[in-house]
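In: no letters, just coordinates:
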């Protein structure tokens, strides 16, 4: 005589293991992210753009057989008309129908490609970093409060139940079940709702200080800035831009590109367009300086200035460049000079990083980037991130 | 038909449990008492993540397993297993609330078959079904204590478990009990003395070399030969080792176990005299369970076939004998012939570099044996690469070897596992020798 017991607990027995697993995924994303921040595909994309990040470190390794070239397997055929040498699978697709419930030895679905949006990426990247001394100028600080529909949640109060989303989930699940032959509509018309189908509208209240800040992005687009260098400069600036966008609500940006002459451009042109010609570093700096005078009086604005070039300048321009950089450093909360230069590159005369070195302080930093691998560590360094280099 | 779900109570389940038990007893099945836990699908996924053990230590991999099952289930890509029963005395089985009544009846009949198999199959004789549940509960408690111990903590425990999990199924494979260090030593001394009586003096070097036999049980080996573990580490090794020992028989007998349970639920069905409204869906479900999986091996399908064939050709006694003394590999080798392979419609395939897959052999006169040997390679313990301890070198280096059977290791995985073993082996470096594309490869 068997015993029947109705399981009457609300305990969700795997909850803590799931949380731990999630933490590991997040850590893996954080670790993997720095490899992809300099990927071409993300530059110049909007915050909603989804990117795929390969996540490592949560595989469960054990000895398994190679499933690649030359490996064999066995299975049942659908009919008798099979022949030796017949091709049964083309390229990819088909996965083992292994059930994950028993200890087994299939390789399983161990590798993840996690898809996250640029906004989420920013969260992972930038949570540990901060803009220094932003508190300094509080005169223009206000608070904004916003009520915003913010997606859907699995839990919620009844009035916020989204019938449409809930129904959509159910239909999705039903269609998938039909596709996979776990449900046959001709036999069972009913396909019940599951708790997991339920979706509630979520409303979020956000309260953020409004701070007035302006960021100057200045980039050398002269002929000596090769395509590769421009690309590195853009990835650095793009990170910077995302970071600032992530951190502060009310922020203005000024994009200046220059050769021997400077021109203020919009964001799109700044990140996408190239040009050619010689270099007067001072032209870009001078323009930034003049714009602050006109539009962003330092008394009420937090100013951040970043300049990117390959370190080459016409010799006669050096004193003037130093002069304007020094003026900007005085006005700014933080400014930086980012020199993009491969180690073997020869520079005529003195490189700009050297010229600017007397100005280096807590509020002015010189950053050297020689390749993709430097982009993130140098970025983190600039903002005093707690992120440790690996 | 079948559009309105029948409602039923525990009383109804009990009525059928009685009927099923009656039939099973009269057919000489001999099983543990069964405790059925009735749960909803969400709890079911939870139990599945821990292989049905009512209590199990915590580790993130079980959270991962939950997420996967939950995801596949919600995406409609996979149904949940209808039955989940563990090898314990009493056996514990789970019945999902959402199941129709006929399905609960099928599951109960199926579970009786499993429980009988657990109780009687030779492979399970050392699995301690009486104590396994409380042992796992205690292990969970102890591990929780280590996690909460400020001198140990979550990270250390987790890292150590991570490493142990990589080699947990590198354990004895052939049912031959492992000899402990002490036993080997005793044997060798006896041998030495018996030679001495005959006037032959053995070289001490030779004797020393004989003190470490090839060891297939990595965790037992570590316990004996790696010094300097802390108490909690020794305990974790024991816990993981015991669990592998407990699950290994299930890996070895998946086909026979499922076959036996299906064979019996099918027999019981015919003796239950169900009304058509239950008989027909029961039969349909049975057919779905034992149907071939195209391109794969469905253990229910092959196992059910084996027992049906044995009964037809040799009578029911033979079936009971096979359920007692065989595992999947021996059953395939002994009981499936050319005709059966044709009937099961099995074929072997080969993967090419570009991802294409070609049929390499079909079950015909020339090739059925190749198909069989491929099937055996993909069955039971043969799905786990055979790695053994070969020797310990003078400087403490642990030398592992891979018993290569024509199949190369996945190198990325092997690299990572060896790295884990380095974490576990405290006496020196770790080397693994295998063969990759016909050449010796050292990791």
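Out: Cool, the structure landed. Values in this document were obtained by computation on a predicted structure and should not be read as measured data.
In: per-domain residue ranges of chain A.
Out: Per the record, chain A has its domains at A:148-207, A:211-382, by automatic domain parsing.
In: can you give me the neighbour number for residue B:335?
Out: 18 (other CB atoms under 10 Å in any protein chain shown). Any C-beta I mention is one placed from the backbone N, CA and C, and that applies to glycine too.
In: how about it: what's its closest non-neighbour residue?
Out: Nearest non-adjacent residue to residue B:335, counting by CB to CB, 6 or more residues apart in numbering or on different chains: residue B:306, 5.6 Å away.
In: residue B:340 and residue B:24, how far apart?
Out: 27 Å (CB to CB, to the nearest Å).
In: please apply the same query to residue B:213.
Out: 44 Å.
In: check residue B:344 too.
Out: As defined by CB to CB, residue B:344 lies at a distance of 28 Å from residue B:24.
In: and the lowest mean pLDDT element among the helices and strands of chain B?
Out: helix B:204-209 (a mean of 68; mean pLDDT, DSSP states H and E).
In: which residues touch residue 218?
Out: Just going to use chain A. Neighbouring residues of residue A:218 by CB atoms under 8 Å, 6 or more residues apart in numbering or on different chains: A:256, A:257, A:258, A:262, A:284, A:285, A:287, A:288, A:305, A:306, A:307, A:308.
In: could you do chain B instead?
Out: By CB under 8 Å, 6+ apart, the neighbours of residue B:218 are B:167, B:170, B:171, B:387, B:389, B:421.
In: so which of these belong to helices?
Out: Using DSSP state H, the subset of those located in helices is residue B:421.
In: now for the contacts of residue B:218, which pair is the farthest apart?
Out: Distance extremes for the contacts of residue B:218: the farthest pair is B:171 and B:421 at 14.1 Å, using CB to CB.
In: mean confidence score for the longest helix along chain B?
Out: The longest helix of chain B (DSSP H) is helix B:231-252. Mean pLDDT, helix B:231-252: 95.
In: list the buried residues of that helix.
Out: B:232-233, B:235-237, B:239-252 (16 or more other CB atoms under 10 Å in any protein chain shown).
In: quick one: contacts for the residue in the stretch 201-350 of chain A that chain B sits nearest to?
Out: Closest to chain B within the stretch 201-350 of chain A is residue A:202: 19.7 Å, counting by CB to the nearest CB. Residues in contact with residue A:202 (CB under 8 Å, 6+ apart) are A:149, A:150, A:151, A:152, A:153, A:156, A:160.
In: out of those, which end up buried?
Out: A:152, A:156.
In: of the contacts of residue A:202, closest to chain B?
Out: Of those, the one sitting nearest to chain B (CB to the nearest CB) turns out to be residue A:152, at 15.1 Å.
In: contact residues of the stretch 151-300 of chain A facing chain B?
Out: Within the stretch 151-300 of chain A, the positions lying close to chain B (CB under 8 Å from any CB of the partner chain) are A:173-180, A:182-183, A:187-190, A:194-196.
In: give the buried subset of those residues as a PyMOL selection command.
Out: Here is the PyMOL command that selects only those of these that count as buried (16+ other CB under 10 Å):
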select buried, chain A and resi 173+174+176+177+183+194+196
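In: low-scoring stretches of chain B, by residue?
Out: B:1-6, B:75-82, B:202, B:204-209 (pLDDT under 70).
In: how's it carved up into domains?
Out: Taken from automatic domain parsing, chain B resolves into B:10-121+B:253-335, B:132-166+B:180-252, B:339-382, B:385-442.
In: for the residue lying closest to residue B:127 once chain neighbours are set aside, give me its contacts.
Out: Closest residue to residue B:127 apart from its sequence neighbours, by CB to CB, 6+ apart: residue B:246 at 5.2 Å. By CB under 8 Å, 6+ apart, residue B:246 lies in contact with B:87, B:127, B:128, B:132.
In: which stretches in chain A count as helices?
Out: With DSSP H as the criterion, chain A has helices spanning A:15-36, A:118-126, A:163-179, A:227-247, A:267-272, A:281-295, A:318-331, A:352-356, A:372-382.
In: returning to that earlier point: can I get the domains of chain B in JSON lines with distance to residue A:363?
Out: Listed next are these as JSON lines, based on distance: least, CB to CB, whole Å:
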{"stretch": "domain B:10-121+B:253-335", "distance to residue A:363": "43"}
{"stretch": "domain B:132-166+B:180-252", "distance to residue A:363": "38"}
{"stretch": "domain B:339-382", "distance to residue A:363": "56"}
{"stretch": "domain B:385-442", "distance to residue A:363": "45"}
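In: which one of those domains lies nearest to residue A:381?
Out: domain B:132-166+B:180-252 (27.3 Å).
In: from the chain's centre, how far out does the closest one sit?
Out: Relative to its chain's centre, domain B:132-166+B:180-252 lies at 20 Å (CA atoms, centre = their mean, to the nearest Å).
In: how far does it stretch from start to finish?
Out: 19 Å (CA to CA, to the nearest Å).
In: do stretch B:175-187 as well
Out: End residues of stretch B:175-187 are separated by 20 Å (CA to CA).
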